[in-house]
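>>> Give the three-dimensional model of this entry:
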Amino acid sequence: MQRYNLPGNSIEIVIPGDYKPKQMKSAPSLPKKSPKSSPHTSPKKPLRYIASRSLFIVCGLATLGNIPVYSMISTPDATSSVLNLTEVESGSPAQVLQDLNLPAVASESFSGFAMDILPDAQQGNWKMRTLVEGDTLETALDALKLSKLAKPLLKDAAIAQELETLKPDAALLVQVVDDQLQQLIYTKGKNNAYIVSSTDNGFVGKWESDVFEIRESKIAFTVKHSIQRDGKEAGLSNSLIRQLGHVFRQDVDFKKGLRAGDKLGVIFEDYQYQGASIYTDKVLAAEYSHRETTKQRVRFTLEDGKTDYFSPNADTELKRTAFDRTPVAGGRMSSGFGMRRHPVFGFRKAHAGQDFAAPRGTPIHATADGQVKFLGRQGGYGNVVELRHINGITTLYGHMSGFKQGLGSGHSVKRGDVIGYVGSTGTSTGNHVHYEYRMNGVAQNPVSVDLPQVGIMSAKEMQQFKNHASAMIQQLTELRKVAAADAPAPKQNGG
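Numbers count the residues shown, from 1 in each chain. Got it, this is the predicted structure:
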């Protein structure tokens with residue numbers, strides 16, 4: 001005897017070995033025949049009834065898809081006892097099986113295909129670091145305050161090899177869920193990335209080019225309440241809102257100066273993973289409009305590596321003062337320029353510079369690019385550094401407690417470089433730096449003197465910036481229309 005199960009195990013067909021259809025009066029699965037049935041009814045009718053119903057069920061289940069279809073249950077040696085279909089009468093259940101081409105051994109098929117399942121990118125928090133020269137995975141994670149995650153990650157030799165050398169200016173994004181590393185993305189370009197994911201068996205890493213992308217995203221909106229509230233509703237992150245305040249710091253105070261109806265448009269770097277934004281980074285271009293006044297700023301990196309936001313329409317803004325006014329950060333002016341009573345000797349004498357009081361050891365910065373003219377001890381000035389600058393200008397920094405290690409006469413310095421530290425050497429009553437600004441040897445008031453301006457860009461940089469800014473301006477103009485559409489309709493006066 002052979003037993004057959006059709007899909008879903010809903011019907012079982014039993015075919016005895018000594019099959020005699022003329023002796024079979026009814027099928028077990030059919031209702032009992034009425035006593036008045038015709039004596040001439042064909043004995044094959046019950047089997048045909050079963051076959052037709054079986055075919056109907058098979059076809060119905062097959063259309064559902066993804067449902068395993070079992071053609072036959074058999075022992076391992078079932079191939080030797082497969083029913084000889086040629087000996088079975090046409091129209092029997094076995095013939096139905098033959099017409100369906102069902103296999104003679106147990107089998108199961110599923111639609112779909114095998115694929116790696118990535119962790120959910122929307123869980124936990126993402127952090128990012130733009131890599132610098134000399135960065136390793138350990139130093140990069142330490143900068144993100146995630147140093148404890150480096151050790152388990154580098155246990156995998158293949159991952160350690162891929163992340164052994166990190167390229168400067170590349171990006172490292174890390175997803176942390178419940179203080180555990182969920183995913184790490186290392187990318188050197190727009191859409192190609194090395195993605196490390198946590199699994200039950202440890203970490204796995206793979207280069208991908210179709211699940212990660214760095215794109216330029218755009219948002220525009222009209223201020224109705226505050227930039228914090230309206231910006232968030234429009235989709236800006238807190239980081240982008242803070243950056244906008246910095247970009248337009250010379251134009252408006254975002255905390256106090258914004259008014260209802262002001263419009264903002266911003267183009268920014270957006271990191272997309274698994275089809276969703278996981279991190280927004282730097283502002284690339286932005287526009288601020290107040291009534292009839294519009295200010296635009298475009299991000300641009302100079303050849304010396306410095307990055308700033310420049311106005312694309314005003315060449316005058318592409319120049320800056322060559323000097324800072326003060327040589328210490330947070331210092332308090334304790335004595336001004338001009339005639340004064342000497343704090344030590346008591347008589348009136350011209351004070352050739354300005355004194356800035358600050359704690360001992362506070363760094364002293366060069367106020368402009370220059371070259372060390374003198375470094376050493378100089379009478380009542382104590383420890384002194386004197387710098388030579390453009391246009392016959394020199395600056396002097398006195399009463400230092402010490403000089404920057406390695407600095408010497410003839411060395412070049414950049415604006416903002418540390419050259420020494422606040423002290424009270426020479427004729428002094430307390431810790432401070434004496435700062436002088438001289439033009440052709442004549443002392444000038446450092447606070448009020450007209451400072452020279454220097455071009456920020458070379459002619460080559462200027463052309464590159466103009467070309468880059470042109471494309472950004474076009475996008476900002478389109479964004480302005482979006483912000484205008486977001487503006488509330490003007491109130492109508494009652495008639």
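>>> Pull up the per-residue confidence for the residue nearest to residue 330 when sequence neighbours are not counted.
Spatially, and ignoring its direct neighbours in sequence, residue 330 is nearest to residue 358 (6.9 Å; Cβ to Cβ, 6 or more residues apart in numbering). C-beta here means a position set from N, CA and C on the backbone, and glycine is covered the same way. Listed pLDDT for residue 358 reads 93.
>>> same question, residue 240
So, for residue 240, pLDDT stands at 91.
>>> now the protein, which segments are flagged as low pLDDT?
Residues of the chain meeting the criterion pLDDT under 70: 1-118, 314-317, 340, 342-347, 483-495.
>>> Looks like residue 444 contacts residue 438 (just checking).
Yes: counting by Cβ atoms under 8 Å, residue 444 touches residue 438, with 6.7 Å between them.
>>> Contact partners for residue 182?
119, 123-124, 175-176, 197-198 (Cβ atoms under 8 Å, 6 or more residues apart in numbering).
>>> just how off-centre is stretch 198-207 within its chain?
Mean-position distance between stretch 198-207 and its chain equals 21 Å (Cα atoms, centre = their mean, to the nearest Å).
>>> That one: end-to-end distance?
Its start and end residues considered, stretch 198-207 measures 15 Å (Cα to Cα, to the nearest Å).
>>> Which positions within it qualify as buried?
For stretch 198-207, burial by neighbour count (16 or more other Cβ atoms under 10 Å) applies to 198, 203, 205.
>>> Okay, the closest residue to residue 336 other than its chain neighbours and residue 149: tell me how far apart.
In space, and not counting its chain neighbours, residue 336 is closest to residue 354: 5.9 Å by Cβ to Cβ, 6+ apart. Using Cβ to Cβ, to the nearest Å, residue 354 is found at 49 Å from residue 149.
>>> between those two, which one's more packed in?
residue 354 (24 against 19; other Cβ atoms under 10 Å).
>>> thought that one was touching residue 443?
No: Residue 354 lies out of contact with residue 443 (Cβ under 8 Å); the separation is 10.3 Å.
>>> so what sits against both of the two?
Common neighbours of residue 354 and residue 443 (criterion: Cβ under 8 Å, 6+ apart): residue 337.
>>> Run a quick neighbour tally on residue 404.
19.
>>> Run through the residues that contact it.
If a contact means Cβ under 8 Å, 6+ apart, then residue 404 has 417-421 as its contacts.
>>> With residue 362 instead?
328-331, 421-422.
>>> ranking those residues by neighbours, who comes first?
residue 422 (24 neighbours).
>>> Distance-wise, check that one relative to residue 443.
Distance of residue 422 to residue 443, computed by Cβ to Cβ: 21 Å.
>>> now residue 409
In terms of Cβ to Cβ, residue 409 sits 22 Å off from residue 443.
>>> These two: which has the busier surroundings?
Set residue 409 next to residue 443 and count neighbours by other Cβ under 10 Å: residue 443 wins out with 18 against 12.
>>> Could you count how many residues lie near the closest residue in space to that one that isn't next to it in sequence?
Closest residue to residue 443 in three dimensions, ignoring its sequence neighbours and counting by Cβ to Cβ, 6+ apart: residue 352, at 4.0 Å. Using other Cβ under 10 Å, residue 352 has 17 neighbouring residues.
>>> hang on, isn't residue 352 packed against residue 442?
No: the pair residue 352 and residue 442 does not pass the contact test of Cβ under 8 Å, sitting 9.5 Å apart.
>>> domain ranges for the chain?
Here the domain assignment for the chain is 2-99, 125-210, 215-320, 332-451, based on automatic domain parsing.
>>> What lies in contact with stretch 156-173?
For stretch 156-173, the external contacting residues (Cβ under 8 Å, 6+ apart) are 126-133, 135-137, 140, 153-154, 184-188, 194, 196, 202-205, 214, 271, 273, 278-279.
>>> Show me what the lengthiest strand in the chain is packed against.
Longest strand of the chain, by residue count under DSSP state E: strand 276-290. With contacts taken as 3 or more Cβ pairs under 8 Å, 6 or more residues apart in numbering; DSSP states H and E, strand 276-290 sits against strand 125-130, strand 171-177, strand 212-222, helix 238-247, strand 263-273, strand 293-301, helix 459-486.
>>> Now render those as CSV, adding distance to residue 339 and mean neighbour count.
What follows is the helices and strands packed on strand 276-290, written out as CSV (distance: least, Cβ to Cβ, whole Å; neighbours: other Cβ atoms under 10 Å):
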stretch, distance to residue 339, mean neighbour count
strand 125-130, 52, 16
strand 171-177, 57, 21
strand 212-222, 56, 18
helix 238-247, 41, 17
strand 263-273, 51, 22
strand 293-301, 43, 19
helix 459-486, 45, 15
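>>> Format the ones you listed as JSON lines; extra columns: distance to residue 338.
As requested, the helices and strands packed on strand 276-290 are arranged in JSON lines below (distance: least, Cβ to Cβ, whole Å):
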{"stretch": "strand 125-130", "distance to residue 338": "47"}
{"stretch": "strand 171-177", "distance to residue 338": "53"}
{"stretch": "strand 212-222", "distance to residue 338": "51"}
{"stretch": "helix 238-247", "distance to residue 338": "36"}
{"stretch": "strand 263-273", "distance to residue 338": "46"}
{"stretch": "strand 293-301", "distance to residue 338": "39"}
{"stretch": "helix 459-486", "distance to residue 338": "41"}
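>>> Determine which of those approaches residue 368 most closely.
Among these, the nearest to residue 368 by Cβ to Cβ is helix 459-486 (20.0 Å).
>>> Check which helices and strands that closest one sits against.
Using 3+ Cβ pairs under 8 Å, 6+ apart, helix 459-486 is in contact with strand 212-222, strand 263-273, strand 276-290, strand 293-301.
>>> Columns distance to residue 162 on top of the ones you listed, output as CSV?
Below are these laid out as CSV (distance: least, Cβ to Cβ, whole Å):
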stretch, distance to residue 162
strand 212-222, 15
strand 263-273, 18
strand 276-290, 21
strand 293-301, 28
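>>> Of all those strands, which one comes closest to residue 251?
Nearest to residue 251 among the helices and strands packed on helix 459-486 is strand 293-301 (4.8 Å), distances taken as Cβ to Cβ.
>>> List of residues touching that closest one?
Residues from elsewhere that reach strand 293-301 (Cβ under 8 Å, 6+ apart): 247-248, 251-252, 282-289, 307-313, 464-465, 468-469, 472-473, 476, 480.
>>> That strand pairs with which strands?
Here strand 293-301 is paired, per DSSP bridges, with strand 276-290 (antiparallel), strand 307-310 (antiparallel).
>>> send the alpha carbons of the first one over as CSV?
Written as CSV, here are the backbone C-alpha positions of strand 276-290 (Å, rounded to 0.1, in the frame of the first residue of the first chain):
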residue,chain,number,x,y,z
ALA,A,276,17.7,56.5,6.4
SER,A,277,19.7,59.5,7.7
ILE,A,278,21.9,58.4,10.6
TYR,A,279,24.1,61.5,11.0
THR,A,280,24.2,65.1,9.7
ASP,A,281,27.5,66.8,9.6
LYS,A,282,28.7,70.1,8.3
VAL,A,283,26.8,73.0,6.7
LEU,A,284,27.9,73.3,3.0
ALA,A,285,26.0,76.5,2.2
ALA,A,286,23.3,78.5,3.8
GLU,A,287,21.0,81.5,3.2
TYR,A,288,19.3,83.9,5.7
SER,A,289,16.6,86.3,4.6
HIS,A,290,15.1,89.2,6.6
